[in-house]
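In: Fold the following for me, if possible:
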Amino acid sequence: MKAFQTVRSVAVPLPRANVDTDQILPMPFLQKPRSDNFGHYLFHAIRRNAQGELREDFVFNHLRYAQARLVVAGPNFGCGSSREHAVWALADAGFDGVIAPSFGDIFYGNCLKNGVLPIRLPGVQVESLLQHLADNPETMIQVDLEEQTVQAADTSYNFDIDPFAKHCLLNGLDQIDYTLSLLTAIEAYEERTSS
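Out: Sure thing, here's the model as predicted:
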């Protein structure tokens, strides 16, 4: 998992409520191995027409967002089933974070475990961000995990995050990496208690 510190990027505005994990990554792609690039399947059923061609009217297909690393979404993003694959799809498509008023609980946890920062901001702040992006789609948004801030133009918002999750994201540690980082202490404990 790569370390997350500061991201500065345009952001894809997705002002829909209740975007579920089946929309983010449809069921037919759950059989794919993790080594596959799940970014190809992100929003597949919404992003493509019946012939498999990209739909011009879906925001993720707009050229201005080709290098976007952030999504600003409506409430309850990532609700529905617990599929971790939905987070893989976002990560593999190059997204480092999602800003929304609320998230599906399991999706939120899966984001933290897979290096995608889920940022909860009050609904009024997200609405303000979405309106700003509608008026100025080229706006660069900066997310600073160390400072726990989101900045767009002259406006800055603070967000909360669990200290352990923050530590792991800042250091690029998944749960196994974190455990391995304590290996010396674990071995010393085992040695002390084995007799």
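
In: Phi first, then psi, for V7.
Out: Dihedral pair for V7: phi -120, psi 130, per degrees, to the nearest 10.

In: Sketch out the low-pLDDT regions of this protein for me.
Out: 178-179, 181-183, 195 (pLDDT under 70).

In: Tell me which stretches of it form strands.
Out: 6-9, 11-14, 70-73, 97-100, 117-120, 141-144, 149-152, 155-158 (DSSP state E).

In: Neighbouring strands of the last one in the sheet, and parallel or not?
Out: Same thing as strand 155-158. Strand 155-158 pairs in its sheet with strand 149-152 (antiparallel), by DSSP bridges.

In: Restrict the partner strand to CA atoms and write it as CSV.
Out: C-alpha atoms of strand 149-152 as CSV (Å, rounded to 0.1, in the frame of the first residue of the first chain):
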residue,chain,number,x,y,z
THR,A,149,-7.7,19.4,5.8
VAL,A,150,-9.4,19.7,2.5
GLN,A,151,-8.8,22.9,0.6
ALA,A,152,-10.5,24.2,-2.5
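
In: give the contact list for the closest residue to Y157 other than its chain neighbours.
Out: Spatial nearest neighbour of Y157, chain neighbours left out: V150 (4.6 Å); criterion: C-beta to C-beta, 6 or more residues apart in numbering. No exception for glycine: its C-beta is placed from N, CA and C like everyone else's. V150 sits next to I99, I119, L121, L129, I141, Q142, V143, S156, Y157, F159 when contact means C-beta atoms under 8 Å, 6 or more residues apart in numbering.

In: Can you give me the distance of Y157 to I119?
Out: 9 Å (C-beta to C-beta, to the nearest Å).

In: Compare those two and say which is more crowded by neighbours.
Out: I119 (22 against 18; other C-beta atoms under 10 Å).
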